[in-house]
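Novice: this is a predicted model, with the sequence first.
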Amino acid sequence: MAGQQKAIFLRFNMEDEADSSLYMKLAEAAGSVSLTSYVKRVLEEYLSIQIEMAERQQFHEHMLVTVREEIQEQGMKLVGALLAGIGTVSVPVKQKEAVERGTELPDSCEKLPDELSSVLDLIS
């Protein structure tokens, strides 16, 4: 049976403040339970929490990738639908409003108005 067992030895330097503080915390938290049993339980809890956190992180990353892919796919479908709709929808072009009859230029004119005849004199 001794071949089936493994041992870890921890030494706390009570002159070192960090070691001393850690030992005192362990002893206080263990209470009436042996320090060995308490340390085993704390290590087991710590390791299981670390594994659970890693699994959650992996699940979170997988969900993000899946959601991003779905958003991209739906976006491409929307763009395709919009592009397909552009060719089928006819947008009425607004016609120029009817020009008032008084501001329209005549097709032919026998006599130029006085304002324009002075301009023609300057040009020629």
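Specialist: Thanks, I have it.
Novice: helices or strands up against the lengthiest helix in the chain?
Specialist: Criterion DSSP state H: the longest helix present in the chain is helix 35-88. Here helix 35-88 touches helix 17-30, going by 3 or more Cβ pairs under 8 Å, 6 or more residues apart in numbering; DSSP states H and E. Where you see a C-beta, it was placed from the backbone N, CA and C, and this is true even at glycine.
Novice: where does pLDDT dip in this structure?
Specialist: 1, 87-124 (pLDDT under 70).
Novice: please repeat the previous calculation with a cut-off of 80.
Specialist: 1-3, 84-124 (pLDDT under 80).
Novice: if we can go back for a sec, how far off helix 17-30 does the longest helix of the chain point, in degrees?
Specialist: 100 degrees (axes from the mean of the first three to the mean of the last three Cα atoms, to 10 degrees).
Novice: which residues are contacting stretch 16-23?
Specialist: 12, 13, 14 (Cβ atoms under 8 Å, 6 or more residues apart in numbering).
Novice: residue 58: which of those is nearest?
Specialist: Checking the contacts of stretch 16-23 against residue 58 by Cβ to Cβ gives residue 12 as the nearest, at 36.0 Å.
Novice: so the closest one, which of the three states?
Specialist: coil (DSSP: H, G, I helix; E, B strand; the rest coil).
Novice: quick one: it from residue 22, how far?
Specialist: 7 Å (Cβ to Cβ, to the nearest Å).
Novice: likewise for residue 76?
Specialist: 56 Å.
Novice: what of residue 85?
Specialist: Taken as Cβ to Cβ, the span from residue 85 to residue 22 is 69 Å.
Novice: with neighbour numbers in mind, choose between those two.
Specialist: Between residue 85 and residue 22, residue 22 has the larger neighbour count (other Cβ atoms under 10 Å), namely 13 against 9.
Novice: on the three-state scheme, residue 6 is what?
Specialist: Once three-state DSSP is applied, residue 6 turns out coil.
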